[in-house]
Each structure stands twice: as structure tokens, then as C-alpha cells.
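Enquirer: Give me a 3D structure for the following:
(one chain, ligands or ions: 2)
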Amino acid sequence: MTAAEGTEGTEGTDTGLPMVVPAYDLPARVRIHEVGARDGLQNEKATVPTEVKAEFVHRLAAAGLSTVEATSFVHPKWVPQLADAEALFPLLGDIEGVHLPVLVPNERGLDRALDLGARRIAVFGSATESFARRNLNRSVAESLAMFAPVVARAKDAGAHVRGYLSMCFGDPWEGAVPVGQVVRVAKELMDLGCDELSLGDTIGVATPGHVFALLAALNEAGVGTDTIGVHFHDTYGQALSNTLAALQHGVSTVDASAGGLGGCPYAKSATGNLATEDLVWMLQGLGIETGVDLAALTATSAWMAGHLGRPSPSRTVRALTGAGTEPQDPQDPQDP
Ligand code: HMG
Ligand code: MG
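Expert: Numbering: from 1, shown residues only. Ligands and ions are numbered 1, 2, ... in the order given. Sure thing, here's the model as predicted:
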């Protein structure tokens, strides 16, 4: 099939959807792990009301996202925005066909999450000592030791466990992070019994060749592509290119944040995650199934942008809603 043949009978851009032109050797379906309600909101200074967060999660699920990371059971002083986890989680209930994973750093967090019926948890380690210290108040080895009973007990309770690994491509304090170092910590994390590994480019410095190199090294070390998800922040505008590189390698789990919300409170140079809308636009154009209704998702991000009081940084949200594209009045002294 040629590219031109692939465009026949497909949607065009005037419909708010991209023209579909499939490419070879990409997964037929991608599972989007939506992190907007957790990674997206955790860095917001102004407290978002619990009811707004609950509606956000419900709207994301209604837009077709099958995995919606809901919150974190961390120390409330470390991430004040998510201090309402106990109040929020029960408001979510059981949403049919939708997983609602939560972050837990330690057994205290696990107890809190299991008490409320959480069925999917995520521990979050670091490939570098500097970030482990800042994010978890532990060395890398100490944090893995902290996770060991969490993973074991979560598995005993029948929960699914994701292992996040941050700073896989670069670290603001240590600079470049050697691939071998990332693979070593990733292996140790997976050996605890995690079902899934999410590779975090916490500060958004990765480039596609680096993504290929890390994935190949992980495969060589025995970590299969089917257990790997990618988690790109978009600081340098590379998140979508890096995602395409990962898809070409066979990865079919991609983390993204509705509207491109996000950052990390313990890595100041981290900006928002890859925007879910930008990801969906690309995947739809490639003819890859996601189950996501782009119009419903965009409306949700525009609604959340209203609550946060600033436009979404997602290019797709802006293009589809016209936000941020109003012509400026050159006579207006407020418009520099
Ligand atoms: P610590 O100060 O070392 O805690 O913090 P501790 O173990 O010494 O305990 C001190 C007190 O905190 C104790 O209370 C504990 O009970 C309590 P006391 O006995 O003194 O009264 N405590 C807790 N309370 C509630 N819930 C808990 C909890 N744990 C202890 N879970 C700790 C260690 C891990 C708790 C802290 O460092 C922490 O909460 N860190 C979380 C940081 C965080 O959430 N960062 C953002 C998420 S990671 C991220 O965004 C990256 C990612 O997106 C991927 C990427 O982009 O790379 C995932
Ligand atoms: Mg993140």
C-alpha cells in the first residue's frame, strides 16, 4: 500500500481529525496511561477542589481513556496538592473498564491505598542518586529496599504494580545518565516483581536515538518491550518524536497528560508531560487504535484550563479550540 492509497476514505483536517495514513511496523493499538490528574496536577500551586479532580477523572474516562492515574498516597507535606487522596478516591467509584492506578512510595502509602480498594499501584524509583534523595529522601538502594515489601504485599493483595523509573535520560544535578546505570536500576526494580516499567524522561531531555538505545539495552538485559511504557515530559519539544521512536521499537504503552499539564515538584526543570491530545492526533493519523474520543478529551482539557486559569499548552487543544490564537491589538498597551 502506498501512502496515497492509505488516505482514501479517511477523515480530513476540517473534521477536527487528522487524515489517516498508516505506516508500517507500528503497533495496531496503543494503551494510553493518562497521568493528568496525578502528574499533571501535582505541581499546581493553587489547590484544585477535590470535586473538580473527581470530575476531571470521570471526564477523562468518559473520553475513552482506559487507564487514568488518579492520585498519590504520598506524604501530604511533600505533595500538598494531592493531600486529598483519601477524599478523592472514594468519589471515583468503580468506572467500568477503567483502571485507576495510584502512586505509593512506601508501606504507609500502600495501606492507605489498599484500605480504599485501589487495585493498581505504582512505586516510583530513580535512576540517579540525586533525584532519589530529593524525591524520596533515600538513596537508590534505600528506595528499592523501601519498595520491596510494597510490591510483595501489593502482589499478594492481587494488585497490578507499575514501576516508574525517573531520570532515565538525563538528570538536572548529574547531567547525562549512562544507559548502563538506567538498565541496572530498571532490572532491580523489575526483579522486585513489578508488572510494568515506565521509563521517565522527567526533565524532557531525551532524543529519539537515545530512546532506541535504552530500549535495546533493556531488551538485551531481559526486560521485554511488552512490559515497558514510556513517560516523556516535553521540555525540549521532543516528547512526540521520542514516542514515535518507542512505537517503532514496539512499545505500545504511552503515558500522557491531558492538555499537557504537569511537572514534578522535586525537579524544577521538569515541564508538562506529552499532551494526550497531541499524542492522540498523531496516533489517529497513523491509524493506531486508542479508543479515545479526541473531541471529548479536548473539551475536558479546555474545561480544566478554565479551572486553572490559563490556556492549555497542548498545540492540539489550542488548534481545535482556537485558544491562544486570538489576534492581538497592537494599540493595546497591555499587549507588548
Ligand atoms: P520521609 O520524610 O523520609 O518519611 O519521606 P519517613 O518514612 O521518614 O516518615 C516520616 C513521617 O511521614 C512518618 O510520620 C510517616 O508515618 C509519614 P510520623 O511517624 O513522623 O508521624 N509518612 C506518610 N504519611 C502519609 N503517607 C505516606 C507516608 N509515608 C511516610 N505515604 C516519603 C519519605 C517517601 C514519604 C516522601 O519522600 C514522599 O512522600 N515523597 C513523594 C514525592 C512525590 O510524590 N514526588 C512526585 C511523584 S514522582 C514523579 O512525579 C515522577 C514520575 O512522574 C515519573 C517521571 O516523570 O520521571 C512518576
Ligand atoms: Mg512525570
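
Enquirer: Okay, the residue in the stretch 201-336 of the chain that ligand 1 sits nearest to and residue 101: tell me how far apart.
Expert: Residue nearest to ligand 1 within the stretch 201-336 of the chain (C-beta to the nearest ligand atom): residue 202, separated by 3.4 Å. Backbone N, C-alpha and C define where each C-beta goes, glycine included. Separation of residue 202 from residue 101 (C-beta to C-beta, to the nearest Å) stands at 18 Å.

Enquirer: Among those two, which residue is more densely surrounded?
Expert: residue 202 (31 against 25; other C-beta atoms under 10 Å).

Enquirer: Quick check on the closest residue in space to the more buried one that isn't next to it in sequence: phi, psi?
Expert: In this structure, residue 202 finds its nearest non-sequential neighbour in residue 166, 4.5 Å apart by C-beta to C-beta, 6 or more residues apart in numbering. Phi and psi for residue 166, reported as degrees, to the nearest 10, are phi -90, psi 160.

Enquirer: do you know how far residue 166 is from residue 135?
Expert: Counting by C-beta to C-beta, the gap from residue 166 to residue 135 is 7 Å.

Enquirer: likewise residue 109?
Expert: Distance from residue 109 to residue 135, by C-beta to C-beta: 13 Å.

Enquirer: same question, residue 309
Expert: In terms of C-beta to C-beta, residue 309 sits 28 Å off from residue 135.

Enquirer: now do residue 105
Expert: For residue 105, the distance to residue 135 - C-beta to C-beta - is 9 Å.

Enquirer: can you list residues touching both of the two?
Expert: residue 124 (C-beta atoms under 8 Å, 6 or more residues apart in numbering).

Enquirer: returning to that earlier point: quick one, what contacts the residue nearest to residue 202?
Expert: 124-128, 131, 135, 200, 202, 264, 267.

Enquirer: residues from the stretch 101-250 of the chain in reach of ligand 1?
Expert: Within reach of ligand 1 by C-beta under 6 Å from any ligand atom, the stretch 101-250 of the chain has these residues: 103, 105-106, 108-109, 112, 124, 135-137, 164, 166, 200, 202, 231, 233.

Enquirer: filter those residues to the buried ones?
Expert: 103, 105-106, 109, 112, 124, 135-136, 164, 166, 200, 202, 231, 233 (16 or more other C-beta atoms under 10 Å).

Enquirer: Now for those: which two are most distant?
Expert: For those, the maximum inter-member distance is 26.8 Å, found between 112 and 233 (C-beta to C-beta).

Enquirer: most centrally placed residue in this structure?
Expert: residue 255 (3.3 Å; C-alpha atoms, centre = their mean).

Enquirer: Perfect, that will be all.
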